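> Could you work out the structure for the sequence below:
(one chain, ligands or ions: 2)
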Amino acid sequence: MPIPETLEDARATLSRVFGFASFRGVQEQVVSRVLAGRSTLAVMPTGAGKSLTYQLPAAMLPGTCVVISPLIALMHDQLRAANANGLAAAALTSVDMDRELTIERFRSGQLDLLYVAPERASQPHFRELLTRSPPALFAIDEAHCVSEWGHDFRPDYRLLRPLLDAFPEVPRLALTATADRHTRADILAQLGIREDGLVIAGFDRPNIRYRITPRDNALRQLRALLGEQPGPGIVYAPTRNGVEKLAAQLAETGRRVLAYHAGLPAELRTANQAAFVASEDMVMVATVAFGMGIDKPDVRFVAHAGLPKSIEGYYQETGRAGRDGDDAVALMLWGADDFARARMRIGEVEEHRQPSERARLDALANLVETPTCRRAVLLRHFGEHPPETCGNCDNCLHAPGVTDATQLARKLLSAVYRTGQMFGLGYLEKVLTGAADERVTDRGHDQLSVFGIVPGEEAALLRPVARALQARGTLVTNEHGGFMLGGDARALLKGEGRLDLVVAPKAERTSRRRRAA
Ligand code: ADP
Ligand code: ZN
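Ligands and ions are numbered 1, 2, ... in the order given. Model (predicted):
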């Protein structure tokens, strides 16, 4: 336990150096542990104030805090912030030209903080440097990068362990915003931190309203969002081309719109980011390259035009909305093709990583398909025990209807199988509804037992059924977009399992019909 005076000192330093009146949430707990020399994994959501938990000890402890951080841009932001607070901080990276000077400052004990990238930290000469002047603390930022279960695995992080173990007396502080139970356990094991060193901050962001809906017309759906939601917002699109196109289209609404992706020149990226941070109404259309380390508390909405990579990614990206605590919206538009592509990509990664990738995608499928509270699904994913309903997500606000679509799903799977697992939904629809079509009769598919077994009034459900089956991997697509059986398809055909289909809430359905009329 930290000696009470130390905590008093910490509070004094908090206000004197950082200008904060009090600790937030678990900060005090983490700082106390670190000052007592106990290794810790702190899981704190974005915006919870992770940097302070090592910068404050760095300001208090004799000796340097070595911070391992994966992104040079992020490092430099933090460096600027630390220097602004009067801490002596420097970075050793490939782009910092004053390496000799930094090493000299470190050796002579002038640095509070030394930022270093993992690939450099794991090199022998860095270890030698530390041997001569051992650090006061190792802070490992974005610690989920050490885990293959994490959403952002970086092999370089695996090489850190020998460095840490070379200094057994130096406490380790691992930090991450997003880690499910698996990843958390893995980080502890990989970085050699005892299980009782885990400190978790609450993940709930009650002011964010989650809305997740199939994408029928992204542009129309996003325009509607822009129409009802003033204030600055971010729209994430999956590709650079998608970003450019969407930015141009959304600019036609008259709202100020800028684009951001890694393919733009560095100066333009910096200028666009600065303009967004300063603005009160701007929409930034961006790839996920945008947002890390950006301090803009009044973002009123974050929209995903396509499926995010994982629940962790989704949580982190939506977490950029409403940091000021005022109401904010997180809208996700997803399509069956997003899942088809993601499942195809899993087939391309190394085999030993496929199970974790698949589990990650299944978790995401569960989030988008659930008729229950989105927040509860999210928080359970992060190991919390939330109430069943939150009152501030789409499903809580307008309970969706649920239809048992098991029979229809079986009919569709059976048609996929009997036509040879090569046709897309359009063709299968014709077969199933018994449409008079030459292509069907030429192939003799009008002779199949599945021909015409779906009555007209059920036909409209075929598309949502196919979408749900694709999301959960029961249907997968070949390279031509033809459906093949996957996942639990055979079990479902044999009469096991079921498919409950979420149908749009009544309010939304009538408004859609009105618009169509
Ligand atoms: P994270 O890295 O967890 O996303 P940051 O370390 O960037 O969060 O901190 C988020 C914001 O909260 C920053 O603007 C920081 O200055 C502020 N902050 C951190 N700790 C406190 C505190 N105890 N009181 C008030 N503001 C704080
Ligand atoms: Zn809810």
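
> shaky segments in this protein?
The chain contains residues with pLDDT under 70 at 1-4, 293, 505-517.

> mind running it again at 50?
1-2, 506-517 (pLDDT under 50).

> Point me to the residue sitting closest to the centre of the chain.
residue 313 (0.6 Å; Cα atoms, centre = their mean).

> Not counting sequence-adjacent ones, nearest residue to it?
Closest residue in space to residue 313, ignoring its immediate chain neighbours: residue 151 at 5.5 Å, by Cβ to Cβ, 6 or more residues apart in numbering. C-betas here are computed from N, CA, C, even on glycine.

> Contact partners for that neighbour?
144, 178, 309, 310, 312, 313, 360 (Cβ atoms under 8 Å, 6 or more residues apart in numbering).

> so where does it fall, helix or strand?
Element membership for residue 151 (DSSP states H and E) is empty, with no helix or strand holding it.

> The closest residue to ligand 2 within the stretch 201-350 of the chain bridge partners, please.
Ligand 2 sits closest to residue 210 of the stretch 201-350 of the chain, with a gap of 7.1 Å, by Cβ to the ion. Assessed by DSSP bridges, residue 210 has beta-bridge partners residue 330, residue 393.

> Determine the set of other helices and strands touching the longest helix seen in the chain.
With secondary structure taken from DSSP state H, the chain has its longest helix at helix 354-369. With contacts taken as 3 or more Cβ pairs under 8 Å, 6 or more residues apart in numbering; DSSP states H and E, helix 354-369 sits against helix 311-318, helix 336-346, helix 374-381, helix 462-471.

> I would like the C-alpha coordinates for it, written out in PDB, please.
Provided in PDB are the C-alpha atoms of helix 354-369 (Å, rounded to 0.1, in the frame of the first residue of the first chain):
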ATOM      1  CA  GLN A 354      -8.200 -17.700 -37.800                       C
ATOM      2  CA  PRO A 355     -10.100 -18.900 -34.700                       C
ATOM      3  CA  SER A 356      -9.600 -15.600 -32.900                       C
ATOM      4  CA  GLU A 357     -10.500 -13.600 -36.000                       C
ATOM      5  CA  ARG A 358     -13.600 -15.700 -36.400                       C
ATOM      6  CA  ALA A 359     -14.600 -15.200 -32.800                       C
ATOM      7  CA  ARG A 360     -14.100 -11.400 -33.200                       C
ATOM      8  CA  LEU A 361     -16.400 -11.300 -36.200                       C
ATOM      9  CA  ASP A 362     -19.000 -13.500 -34.500                       C
ATOM     10  CA  ALA A 363     -19.100 -11.100 -31.600                       C
ATOM     11  CA  LEU A 364     -19.700  -8.200 -34.000                       C
ATOM     12  CA  ALA A 365     -22.400 -10.200 -35.800                       C
ATOM     13  CA  ASN A 366     -24.100 -10.700 -32.400                       C
ATOM     14  CA  LEU A 367     -24.000  -7.000 -31.700                       C
ATOM     15  CA  VAL A 368     -25.500  -6.000 -35.000                       C
ATOM     16  CA  GLU A 369     -28.200  -8.700 -35.000                       C
END
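
> Spit out the contact partners of the residue nearest to the centre of the chain.
151, 178, 288.
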